[in-house]
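# Mind looking at a prediction? Sequence and model below.
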Amino acid sequence: MSDFEEIINTRRSIREYQDKEVSDEDILKILKAGMQAPGSRLGAEPWEFVVVKNKETLAKLGEIKPRVTNAPVAIVLVANIERAFYKLVWQQDMGAAAENMLLEAVNLGLGALWNGVAPEEERMKAIGEIIGIDDITQTKPYCIITIGYPAEGWENKFMDKFDEERIHYEKY
Ligand SMILES: Cc1cc2nc3c(=O)[nH]c(=O)nc-3n(C[C@H](O)[C@H](O)[C@H](O)COP(=O)(O)O)c2cc1C
């Protein structure tokens, strides 16, 4: 199996982490992977990122998304619509970045979880307030990616999700 196949096939949602710090170097690699994602218009990607390590802030975010509380680091993905060219497809752009970040975390021997935020307005507002966004009209918290070394029993491992019935050739 190539490294790529290994990463894509073993990635799992890792919801619990060891009490061990993630290095700034690894965090930066994960941010870079996010920014390498395809976007609906080159040079007009909406993504911005808020890296949170402060325990109090993590606990506040955890009141809305419980898995954030005990993560060593959380990255809030924020869509800045003013940066976007195709303003209606920001959720697709952000999703591409999020998936790249999850895969890079596996590549680095870490575990990660996509904690959904958008499109629920109330949740986006509440997360925004915690990280310093007062108005979510143009600046929208999309999801929170928690990252850490997987706790016992939470390792990345292969799970077969293939379903032949979902494949259609030529016509649906
Ligand atoms: C849009 C989206 C939102 C998600 N939100 C959450 C969430 O809030 N909490 C959570 O524990 N998992 C969340 N997940 C992770 C899914 O539950 C997980 O990907 C799914 O159960 C499949 O498991 P796997 O990631 O191990 O393949 C989310 C995933 C996506 C794509």
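Structure's in. What do you need?
# Enumerate every residue touching the closest residue to N70 other than its chain neighbours.
Nearest non-adjacent residue to N70, counting by CB to CB, 6 or more residues apart in numbering: Y17, 6.5 Å away. (C-beta placed from N, C-alpha, C; glycine too.) Applying CB atoms under 8 Å, 6 or more residues apart in numbering to Y17 gives the contacts N70, A71, P72, G111, T146, I147, G148, Y149, P150, A151, W154.
# can I get these in a markdown table with secondary structure?
Below are the contacts of Y17 laid out as a markdown table (DSSP: H, G, I helix; E, B strand; the rest coil):
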| residue | secondary structure |
| --- | --- |
| N70 | coil |
| A71 | coil |
| P72 | coil |
| G111 | strand |
| T146 | strand |
| I147 | strand |
| G148 | strand |
| Y149 | coil |
| P150 | strand |
| A151 | coil |
| W154 | coil |
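# still on that earlier bit, please report phi then psi for the residue nearest to N70.
phi -130, psi 160 (degrees, to the nearest 10).
# Longest helix in this structure, please.
helix 90-107 (DSSP state H).
# so the next helix or strand after that one versus helix 90-107, what angle?
Note on helix 90-107: by DSSP states H and E, the next helix or strand toward the C-terminus is strand 111-116. Between strand 111-116 and helix 90-107, the angle comes out at 160 degrees (axes from the mean of the first three to the mean of the last three CA atoms, to 10 degrees).
# contact partners of strand 111-116?
In contact with strand 111-116 (CB under 8 Å, 6+ apart) are residues 12-15, 17, 30, 65, 67-68, 71, 74, 98, 101-102, 105-106, 143-150, 154-156.
# buried subset of these?
Buried members of the contacts of strand 111-116, counted by 16 or more other CB atoms under 10 Å: 12, 14-15, 17, 30, 65, 67-68, 71, 74, 98, 101-102, 105-106, 143-150, 154, 156.
# out of those, which touch the ligand?
Restricting the buried ones among the contacts of strand 111-116 to those near the ligand by CB under 6 Å from any ligand atom leaves R12, R15, K65, R67.
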